[in-house]
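**Student:** Got a sequence here, can you build the structure:
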Amino acid sequence: MLDVLDTRADLFANVSSATLCHEDMNPYNLVFELREGQPVLSGILDFESAWASTGESDLARLELWWFTCGGSDS
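**Tutor:** Alright, predicted model coming up:
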């Protein structure tokens, strides 16, 4: 795996920071608490489905699910 990452390093050159992504698009998998009136992430359920990536990976998965579940008119 490290060899693949080394040979494909150019693909990650523009990634400035990792984003927490989660395979299960269920809004109940994130637990927040309010601190000074602002929501703060305090826990993640089904953590084994989470990984560090770019946010676009979750958006792409959502688009794929929308397409395969008949959400698209095309």
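**Student:** buried residues in the biggest helix by length in the chain?
**Tutor:** Longest helix in the chain, counting residues (DSSP state H): helix 55-68. Neighbour counts over helix 55-68 (16 or more other CB atoms under 10 Å) mark D58 as buried. C-beta here means a position set from N, CA and C on the backbone, and glycine is covered the same way.
**Student:** which SS class is N14?
**Tutor:** Classification of N14 using DSSP: H, G, I helix; E, B strand; the rest coil returns coil.
**Student:** So which elements touch the longest helix of the chain?
**Tutor:** strand 19-22 (3 or more CB pairs under 8 Å, 6 or more residues apart in numbering; DSSP states H and E).
**Student:** Give me the average confidence score over the helix or strand just after the strand it packs on.
**Tutor:** Using DSSP states H and E, the helix or strand that follows strand 19-22 in sequence is strand 30-35. Average pLDDT, strand 30-35: 89.
**Student:** got the angle for the following helix or strand past strand 30-35 vs strand 30-35?
**Tutor:** Next in sequence after strand 30-35, counting helices and strands by DSSP H and E, comes strand 38-44. Angle between the axes of strand 38-44 and strand 30-35 is 140 degrees (criterion: axes from the mean of the first three to the mean of the last three CA atoms, to 10 degrees).
**Student:** what sits up against whatever helix or strand comes next after strand 38-44?
**Tutor:** Next helix or strand after strand 38-44 toward the C-terminus (DSSP H and E): strand 50-53. With CB atoms under 8 Å, 6 or more residues apart in numbering as the test, strand 50-53 has contacts from A18, T19, L20, C21, H22, E23, I44.
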